[in-house]
Each structure stands twice: as C-alpha cells, then as structure tokens.
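S.K.: What would the 3D arrangement of this be:
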Amino acid sequence: LAAESSLSSLSALRVFRMARSLRILRVLKIEKILKEQLKRVNSMLLLNMVRLVQLLAMLLMLTHVLACIWFWIGNSDTGWLQIFADSENYSVALGYAVALHWAFTNFHGTMELAPGNMSERFFAVFVLVYGMIIFSSFVSVTTDIMLQSQHAYKQRTKHRQKLQAYFLRHSIPVELMLLVKKWVENHESGEDWEDDAVLLQELPVSLQRSVLLEVRVVTLESHKFFAWMYSKSVASMREVCYAAITSCSIHADQVVFSCGDPCRQMYFVESGELRYLTRKQGRNISNTDMTRLVAQITRLQLGKKLKKGSWICEPAIWVQDWHNLGELISLTNGVLLKIDTNTLSKVVSSFPITHYNMMVYAQAAVQQMSAVVEDEPDQLTDLWEMRSNLQGQQVSSRRLGQGALGPCLAEEPGLEEAS
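M.R.: Okay, here's the model as predicted:
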C-alpha cells in the first residue's frame, strides 16, 4: 500500500509539473497574441502609448529579475545583506526593496550600497554595462516618439505662418480669411484622413479592388441601382468602387457646392452630417460668416438633412451638363464618396448586362425628371431620386422583363403592372 501511495504521489507530481510547463508556454504566447491584437489598432497615439507601456513593463520585469539575483548573491556571510540583517527592523520585504533600489540605480542614479565581495563585484560590473545599453535603448525609443509629435507640430505651425504671410500679401478679406483658418483648424484637429488611392497604392491592384469594394459598398448599397449591381454583378461593382469612385474629406462649415455650379459627379455621405438648401432657401454665402450661417441652419432646421448612406446629385449621372440647383453645406467633419459620371460610363460599358440595365434605368430616370419639370419645375432638385412606382413611364416592358434589373425592381409596388 505504501508503494502504491508513493507511485500515485509521483504521478500527481509529474502532472503538476506538466501543468506548470503548459502555463509557462501560455505566457510565452502573450507577445504573439499582443502583436496580433495591435494589428487591429489604427490610432497612432494609442500605438505610441502601447509602445511606451511595453517598454516600461520590460524595464520593470528586468529590474525585478536583477533585484532577485542581487538579493540571492548578497544573502551570504560576507554579502551586503548582512548590513541590514543585524537590524531589528529587518525583513525580507526590506531586503527586496533595497535590492530593487540598487537595480534601478544601475540604469540611472546612485546609491550608497556597494559590493562587499568578489561575486557581488563581478555581478555589479555586468549589470552596469547591461543597464547602460538597456537604458540607452529606452531613451532612444522615447525620444523618437516625442520627436515625431514635435515634427508634426512644427509642420502645422510652418503651414499656418505661410498662410498668414499669403493673406497679408494679397489683402484677403477678413471673413474669407477666417473661413480658411477655421478649415485648417478643423483639418488639424480632426481624425487623420488620407485618400484611399494614396493609402492603398502599395498593394496589388487585385487587393485594392477587394478592399475598396468592402469599404464602399456599405455606403453605396443604400441606392437601389447600386444595390442591384452588387447583388447581380459583383465584378462590375468591384470595378466601379475601384475606378469610378474617389473619397474626399469635408470639414464643418464647409460649402461643398453652390447653386449654379456645374456638376459631373454624384455624392454619397460616408460619414458626417450635411444640409442641402434649395434655390429658394439658399443665399450667396461667398462673404458670409459660415459659423453663424450653420448655427442658424441648425437652429431653424433649414433644408434637408443628409447623413451616412444618403446621396445627392444623382441627376448628374443621367443628364448631361447638369448644374446644381441648391447648396450643400457640411455641419460636421466627414467623408464623401464621389462617383465620376464619365468614368462610371466607361467602367460599366465593359460589362454588357450591367451596361444594358443601366441604360434602361437611365431612360426611366430621364422620363421621370422630364415629367417633374413639366408638372412642378420647382420640385426638381439635386435630391431627386427614382420613384419606386414606375407605372406610367414609357419604358419597354420587354426590356425591363429581360434585363437583370427587372427582378430587383419587381419587389417595388406598381412595377408588376408596368412590366
């Protein structure tokens, strides 16, 4: 029975050691897991903070190890620990605190504690050399992070000084100058934004197409035609997102377009909030205090509110030489997607089925806009969109039935009678 008991004890001990080994392996995987998680972070400020925390954690861990070794070496008859061992207030915690202090002073600072024997002297020399290298690396990385922030601040200051000199040289009106300065401030204080084409230019074209499709289709699929294109022809939608669409950053109190401007693109709101004012609601704002104007628009709820997923200037795609019939003003910082009319036509022409259905859709759109102009001319604005009910439109039922657009629109009320 005693033999069996000892065997079971040995087996339990082996299992315990294996469990501890597995725990150590799990600790070793922490760095790999942390790197994988940091790939999900896009904020440079947060990444720099994580780098500093990592450096501090590594420094503390190294100092702890050195303190433990120094404590172990000093725990001898001739070691430094004997100085404190004879004291009434001595404890292991006090000895560890002194060892930790000594370890820190080898990176930076001084301490009255000196090695008392040959072992301590050799270890102290090793730690001094090693500590010099580690502390120099820590200072170098920290300085690099600070220099990056300082360089960015200098660039912003230099740009502001050049603007001020430019305004002074050309005697720019005060109100217009304030508009420009406020735009610059919003641009600097807002989120870091960079054009997709610049940001992804190092990637292969195939990857660029895939990334832009995933990024932009979330916004475009709120429109009926582009939702159909994505569901029926992913290839054509991918090419449209890659070649025909560009993104642009907008800032608060910015006039995106004014009444009468020539328009050759359709806009989608990817983020931010804007207001569209019709010709009657709009006004000449070239020399207007935009801050007061935006405050008045917000207070009185003037115009039509546009938010994420909204679109405007769709007629520019279907009508040649379209001119804006109102004014679009951004209330907050955001991003717009612009669909270029000419590029869209060239891209879609490479996909016969999509091009055919686009022509059918364009014919119906022009007929609907013509009907609006005949009945109520003031109702035609940049916010125009295709009505769900196509009944009464002079569109060939055979073309709608044969085209791939038919199944998409057949779910809308009234189309079954039209087709």
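S.K.: which residues of the stretch 201-350 of the chain fall in helices?
M.R.: For the stretch 201-350 of the chain, the helices defined by DSSP state H, counting those that start in this stretch cover 205-220, 224-232, 234-239, 290-300, 315-318, 341-348.
S.K.: Out of those helices, which gets nearest to residue 153?
M.R.: helix 290-300 (25.5 Å; CB to CB). Heads up, the C-betas are built off the backbone N, CA and C, glycines and all.
S.K.: Run through the bridge partners of residue 304.
M.R.: residue 276 (DSSP bridges).
S.K.: Model confidence for it, exactly?
M.R.: pLDDT recorded at residue 304 is 85.
S.K.: Surely it touches residue 382?
M.R.: No: assessed by CB atoms under 8 Å, residue 304 is found out of contact with residue 382, at 9.5 Å.
S.K.: who touches both of these two?
M.R.: Common contact partners of residue 304 and residue 382 (CB atoms under 8 Å, 6 or more residues apart in numbering): residue 276.
S.K.: how about stretch 338-357: buried residues?
M.R.: Within stretch 338-357, the residues scored as buried using 16 or more other CB atoms under 10 Å are 339-341, 343-344, 347-348, 351, 354, 356-357.
S.K.: Tell me where the stretch 51-200 of the chain has helices.
M.R.: Using DSSP H, counting those that start in this stretch, the helices of the stretch 51-200 of the chain run over 82-85, 92-105, 118-170, 174-189, 196-199.
S.K.: With respect to residue 66, which of those lies nearest?
M.R.: Judging those by CB to CB, what sits closest to residue 66 is helix 92-105, at 4.1 Å.
S.K.: Could you check that closest one and say which residues are buried?
M.R.: Under the neighbour-count criterion of 16+ other CB under 10 Å, helix 92-105 has 95, 98-100, 102-105 buried.
S.K.: So for residue 304 and residue 382, which sits in the more crowded spot?
M.R.: Between residue 304 and residue 382, counted using other CB atoms under 10 Å, the more crowded position is residue 382 (25 against 18).
S.K.: Is the more buried one in contact with residue 313, as I believe?
M.R.: Yes: counting by CB under 8 Å, residue 313 is a contact partner of residue 382 at 4.9 Å.
S.K.: distance of residue 336 from residue 313?
M.R.: Distance of residue 336 to residue 313, computed by CB to CB, to the nearest Å: 11 Å.
S.K.: What of residue 354?
M.R.: Taking CB to CB, one finds residue 354 at 21 Å from residue 313.
S.K.: Quick check: bridge partners of the residue lying closest to residue 265 once chain neighbours are set aside?
M.R.: Residue nearest to residue 265 in three dimensions, not counting chain neighbours: residue 338, with 4.5 Å by CB to CB, 6 or more residues apart in numbering. Note on residue 338: beta-bridge partners by DSSP bridges are residue 246, residue 267.
S.K.: returning to that earlier point: relative to residue 195, which of the helices of the stretch 201-350 of the chain is closest?
M.R.: Comparing the helices of the stretch 201-350 of the chain by CB to CB, helix 205-220 comes nearest, at 11.7 Å.
S.K.: Just the buried residues of that closest one, please?
M.R.: By neighbour count on 16+ other CB under 10 Å, the buried set for helix 205-220 is 208-209, 211-213, 215-217, 219-220.
S.K.: Make CSV out of those and add distance to residue 238 and pLDDT.
M.R.: Shown next, in CSV, are the buried residues of helix 205-220 (distance: CB to CB, whole Å; pLDDT from 0 to 100):
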residue, distance to residue 238, pLDDT
208, 10, 87
209, 5, 89
211, 10, 89
212, 8, 90
213, 5, 90
215, 12, 88
216, 10, 90
217, 9, 91
219, 15, 91
220, 12, 91
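S.K.: nearest to residue 58, of the residues you listed?
M.R.: Using CB to CB, those come closest to residue 58 at residue 211, 34.6 Å.
S.K.: so that closest one touches residue 201, yeah?
M.R.: No: counting by CB under 8 Å, residue 211 stays clear of residue 201, with 11.7 Å between them.
S.K.: joint contacts of residue 382 and residue 313?
M.R.: Shared contacts of residue 382 and residue 313 (CB under 8 Å, 6+ apart): 263, 324.
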